[in-house]
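K.L.:
Coordinates only, no sequence provided:
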């Protein structure tokens, strides 16, 4: 079942992960309005990843697997997406520092030929962080890196020295659970 792969995301991190997996794909970012009907972070990323994949799948006129993905951070029941401004980034990092949170990434794959949703799942990874000073948090925010990241940090970037440990798949925290994605497709008889 060979199909063209389309990534319905402009995320450079997702693009890099798929490239590291050795996959050939096209980037066709979804840009529609996102609607959330749940407060459960796993359900939220499943909904949002589906919306992205569905939007792009509706526009594609050739046989393809369209991949949608979305990531949120959950801390004590609060869902943290991308910060709206520097103060919201500060508030997020102030909460996360010295504590444990969970990063959820949802993945949806839609087959444009059949219209079938092949995959729709959420993967969660626990992240433990060392304490951060307010000065360090402000300095990190000034780099600009936190501004387009769920939870206002990049595990693979400037926040790396404050990551105590993780429990789960590292790539989930970066923005795309590569191993789970691949294994779920194999269960469906699809080997990319």
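P.N.:
Looks like it arrived, so ask away. Note that the structure is a prediction, hence the values are computed from the model and not measured.
K.L.:
Helix or strand: which one has the residue of the chain positioned farthest from its centre?
P.N.:
Distance from the centre of the chain peaks at residue 135, with 28.0 Å (Cα atoms, centre = their mean). Using DSSP states H and E, residue 135 sits within helix 134-142.
K.L.:
contacting residues around that helix?
P.N.:
For helix 134-142, contacts defined as Cβ atoms under 8 Å, 6 or more residues apart in numbering pick out 86, 89-90, 93-94, 97, 132, 146-147, 152-153, 158-159. The way it works is simple: take the backbone N, C-alpha and C, and place the C-beta from them, glycine included.
K.L.:
Which positions within that helix qualify as buried?
P.N.:
136, 137, 140, 141 (16 or more other Cβ atoms under 10 Å).
K.L.:
thinking again about what came up before, buried subset of the contacts of helix 134-142?
P.N.:
89, 90, 93, 97, 132, 146, 152, 153, 158, 159.
K.L.:
Roughly how far does the residue lying closest to the last one once chain neighbours are set aside sit from residue 84?
P.N.:
Leaving aside its chain neighbours, residue 159 sits nearest to residue 153 (4.0 Å; criterion: Cβ to Cβ, 6 or more residues apart in numbering). Remark: distance between residue 153 and residue 84 (Cβ to Cβ, to the nearest Å) = 15 Å.
K.L.:
Check residue 39 too.
P.N.:
From residue 39 to residue 84 the distance is 19 Å (Cβ to Cβ).
K.L.:
May I have the beta-bridge partners of residue 165?
P.N.:
residue 128 (DSSP bridges).
K.L.:
The helix or strand of the chain with the lowest mean pLDDT pairs with which strands, parallel or anti?
P.N.:
The helix or strand of the chain with the lowest confidence, counting by mean pLDDT, DSSP states H and E, is strand 78-80 at a mean of 93. Take DSSP bridges as the rule and strand 78-80 pairs in its sheet with strand 64-75 (antiparallel).
K.L.:
The chain: strands as residue ranges?
P.N.:
4-7, 26-27, 64-75, 78-80, 100-111, 117-129, 163-167 (DSSP state E).
K.L.:
Which among these is found nearest to residue 186?
P.N.:
With Cβ to Cβ, the closest approach to residue 186 among the strands of the chain belongs to strand 117-129: 11.2 Å.
K.L.:
gap between that closest one and the chain center?
P.N.:
With Cα atoms, centre = their mean, to the nearest Å as the basis, strand 117-129 stands 8 Å off its chain's centre.
K.L.:
low-confidence ranges in the chain?
P.N.:
1-2 (pLDDT under 70).
K.L.:
the inter-axis angle of the lengthiest helix in the chain versus strand 64-75?
P.N.:
Secondary structure assigned by DSSP state H gives helix 41-57 as the longest helix of the chain. Per axes from the mean of the first three to the mean of the last three Cα atoms, to 10 degrees, the angle that helix 41-57 makes with strand 64-75 is 150 degrees.
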